[in-house]
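# sequence first, then the predicted structure, then my questions.
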There are 2 protein chains.
Amino acid sequence: METANPDNRPRRLTVKLMAEKLNVSTATISNAFNRPDQLSDARRRWILEECKRHGYLGPNAAARSLRTGRTGNVGVMLADNLAYSLTDPVASEFLHGLAEVFDQRQMNMLLLSGQEDDEHRSRVQEAMVDGFIVYGWLKKGRTYERLLQHGKQMVAVDFDLEGCTWVNIDNYEGARCSAEHALKKPPVNVAIMGLRLVDTDRVCRIRDQELFNETRAISVRRLHGYLDALKAAGHHVSSDRIWSTPTNTHQDAYQAAREALTSSPRPDLMLCMSDRIALAAIQAALQMGLKVPDDVRIVGFDGIPEGANLHPSLTTVYQQSAEKGRTAAQIFLGEKEDRNVLLPTCLLVRESCP
Amino acid sequence: METANPDNRPRRLTVKLMAEKLNVSTATISNAFNRPDQLSDARRRWILEECKRHGYLGPNAAARSLRTGRTGNVGVMLADNLAYSLTDPVASEFLHGLAEVFDQRQMNMLLLSGQEDDEHRSRVQEAMVDGFIVYGWLKKGRTYERLLQHGKQMVAVDFDLEGCTWVNIDNYEGARCSAEHALKKPPVNVAIMGLRLVDTDRVCRIRDQELFNETRAISVRRLHGYLDALKAAGHHVSSDRIWSTPTNTHQDAYQAAREALTSSPRPDLMLCMSDRIALAAIQAALQMGLKVPDDVRIVGFDGIPEGANLHPSLTTVYQQSAEKGRTAAQIFLGEKEDRNVLLPTCLLVRESCP
DNA sequence: GATCACTACTTAATCATTTAAGTTCGTGTG
DNA sequence: CACACGAACTTAAATGATTAAGTAGTGATC
């Protein structure tokens, strides 16, 4: 048991103390803050004013949450590195969409990293939230397990979680369609620039045995889209012509692009699984003195704003990142009829691959 | 009082129930989860295993927080619109820096909007956090007051809050120095493109009576930096030549730039208080058939990555946004000796104003 | 004048933990 | 043997709110 306060001076004000001071019940104070209809208007105003005067700022959040079972927070679990995600243009747009809805509904977003620390502790159980939005592909592990167990509301985005409602885009069709467009003018050598197609932390080429590894289902679907379009056009792309970057950072993207562009035979069409990769590829190509799209055509994926004002501007697959956030938030809040939503993509034909 | 559970079947497992099931005290279960040194290793492992088997996932976050007085969360209050901030390049970099430190220390970030709703309710009191990082200039009001009262740990960034530790950059010197550089080649007509210099929600020019309004101290300091450099070089800029945008969005920035460039006399030097504004100004100038820097020289502020790869690339004042986040986090955690930090800026001379 | 409905409260149980202090028991020591 | 000590627990008092159910008083209605 805790020792009594030596000075007998309370450290913080509580409803109980305020009730004593004002000579009313704790229930009445609570009602003054939460349920105006439960007491007369005059009394309510008087209580609020007295509380302010005495320095009682309002109910303690933890105690309230313990009693009501609600927190007013939604846990936003980002599968990728948290710090990185905050500057990734696609993730930022998604968070923007989420914030638009949750902010209006007076809910706060608690950012959670999906990556586990050395002790594999999970942040799911300890998070003070009413539920989760899970964004991106989470590896199986403790966190994954805990997400299946906690029993709160949950929406998965860009991710398949058994039994969970979801929002996603049509990665396969977006990729297929962009490749189909690019193949109208037949290329000689195609390179595919993948994002986390295999489970390593280095830029590398894919080997046959790793090709259908499902570590990153988003990318695997995009890959199938590319490959099917290529097949339909009578092209064969060996796994030697498929690169993979471990992250969507400019640094990795640039390295991969550079490797691909200096490989032999030099590609004249690069299908990139993100705009970051595509922009890095354009930069690398220009620095090597190549002309885009004359010497090498480049197609991206995502449709980030930066791709529009550049010269050459980027041909890419636009995905509705912000809408993905708004939709996920609405499903979370039960404001949407559909429990699962597949958002369409659309092809933006610009200069890098006309 | 609450009615007893009709089935007599508990809705969730608690330490109490687990204690009964396993025939140990609640204290022992709690210790198994929190203080390994308080019980034998064998017993601890047994308890954790039994808990898992019965489906008890661990202590309830709200109850734990109520008892311990800690939450493991840090409230990140963004003065600007929350949804907007998440896509603003400077704010994103700042959040990136924060996340780098807090994620490593196992703390979660709770995003809070500094903007008040219609009822002026403040989120400060209800937030389940151990303290606050306040980012950006907060208007006086209920939220501002509450921040002064809550008594928890707090760090203000890009903001002055009486008695509070802070991190900031030298806005005055950064601006002065960039203007000084630009004035080496004497301009004929200077335009200053301000960010929230006055308290309206439209793009506008400044009138004399509003000039020294302190709604946005960051901008006011930058303005003084510009004006002092101009004065030193013998220039006078009337308030008619100073624009202000209400937000740092591309849309507002573009509109302001367009207005400035079509105003008479047309400016041949534009000092912009953000890179977003400067980039919009470059775009607007090019679209009008003007040459940058030949017809109009443009200087930015922030040093965002997008300014580097553009043609013409952007001359600007670099500020260490991510470092600002890391520093704020460290001060918050008490890991820094200094309680207040003023970060230096540096001038990046590039093509838009050589 | 009894009954009823309504307002404006109060009472007290409950939410799920943590932790200082107390208990028990086995072991080493003078 | 007595005593101290530490390990391994248990006991029970907080932590700070919310809320169903109960109560008292007032006025209207039959």
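Ah, there it is.
# how about the strands in the stretch 51-200 of chain A?
Assigned by DSSP state E, counting those that start in this stretch, the strands in the stretch 51-200 of chain A fall at A:73-78, A:108-113, A:131-135, A:153-157, A:165-169, A:190-195.
# at the contact with DNA strand C, which residues of the stretch 1-150 of chain A appear?
Within the stretch 1-150 of chain A, the positions near DNA strand C by CB under 7 Å from any atom of the strand are A:1-3, A:23-28, A:31, A:38-40, A:43, A:63, A:66-67, A:69. Heads up, the C-betas are built off the backbone N, CA and C, glycines and all.
# residue contacts, A:Gln106?
When contacts are counted by CB atoms under 8 Å, 6 or more residues apart in numbering or on different chains, A:Gln106 touches A:Gly72, B:Asp117, B:Arg121.
# just the buried residues of stretch A:154-173, please?
Neighbour-count burial for stretch A:154-173 flags A:154-159, A:161, A:164-173 (criterion: 16 or more other CB atoms under 10 Å in any protein chain shown).
# quick check: the gap between the one residue sitting closest to the centre of chain A and B:Gln125.
Central residue of chain A (CA atoms, centre = their mean): A:Tyr135, 3.9 Å from the mean position. To B:Gln125, A:Tyr135 is 29 Å away according to CB to CB, to the nearest Å.
# and if you look at A:Pro312?
53 Å.
# the more surrounded of those two?
Neighbour totals were compared for A:Pro312 and B:Gln125, and A:Pro312 leads with 20 against 17 (other CB atoms under 10 Å in any protein chain shown).
# mind checking the SS state of that one?
coil (DSSP: H, G, I helix; E, B strand; the rest coil).
# which ones are touching the residue nearest to it when sequence neighbours are not counted?
Closest residue in space to A:Pro312, ignoring its immediate chain neighbours: A:Glu351 at 3.6 Å, by CB to CB, 6 or more residues apart in numbering or on different chains. A:Glu351 makes contacts with A:Val292, A:Pro293, A:His311, A:Pro312, A:Ser313, A:Leu314, A:Thr315, as judged by CB under 8 Å, 6+ apart.
# can you redo the strands of the stretch 51-200 of chain A as JSON lines with distance to A:Asp240 and mean pLDDT?
Listed next are the strands of the stretch 51-200 of chain A as JSON lines, based on distance: least, CB to CB, whole Å; pLDDT from 0 to 100:
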{"stretch": "strand A:73-78", "distance to A:Asp240": "33", "mean pLDDT": "98"}
{"stretch": "strand A:108-113", "distance to A:Asp240": "35", "mean pLDDT": "97"}
{"stretch": "strand A:131-135", "distance to A:Asp240": "33", "mean pLDDT": "98"}
{"stretch": "strand A:153-157", "distance to A:Asp240": "33", "mean pLDDT": "97"}
{"stretch": "strand A:165-169", "distance to A:Asp240": "29", "mean pLDDT": "97"}
{"stretch": "strand A:190-195", "distance to A:Asp240": "10", "mean pLDDT": "95"}
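# how far away is the closest residue to A:Gly303 other than its chain neighbours from A:Gly300?
Nearest residue to A:Gly303 in three dimensions, chain neighbours excluded: A:Tyr318, at 3.0 Å (CB to CB, 6+ apart). For A:Tyr318, the distance to A:Gly300 equals 10 Å [CB to CB].
# and A:Arg12, by the same measure?
Here the distance between A:Arg12 and A:Gly300 works out to 54 Å (CB to CB).
# between those two, tell me which one has more neighbours.
Under the criterion of other CB under 10 Å, the comparison of A:Arg12 against A:Gly300 puts A:Gly300 first, with 30 against 11.
# can I assume the more buried one is in contact with A:Val317?
Yes. If you go by CB atoms under 8 Å, A:Gly300 and A:Val317 touch, sitting 7.2 Å apart.
# just to revisit the earlier point, now the two most distant members of the contacts of A:Glu351.
With distances taken as CB to CB, the most widely separated pair in the contacts of A:Glu351 is A:His311 and A:Thr315, at 13.1 Å.
# more crowded one of those two?
Taking neighbours as other CB under 10 Å, A:His311 and A:Thr315 compare with A:Thr315 leading, 23 against 11.
# please name the nearest non-neighbouring residue to that one.
A:Cys353 (3.9 Å).
# any stretches of chain A with poor pLDDT?
Applying pLDDT under 70 to chain A flags the ranges A:1-11, A:208-216.
# tell me the domain boundaries of it?
Chain A breaks down into these structural domains: A:15-59, A:73-169, A:171-319+A:344-348 (assignment by automatic domain parsing).
# which stretch among the ones you listed comes nearest B:Val203?
Set against B:Val203 and scored by CB to CB, the domains of chain A come closest in domain A:171-319+A:344-348, at 20.1 Å.
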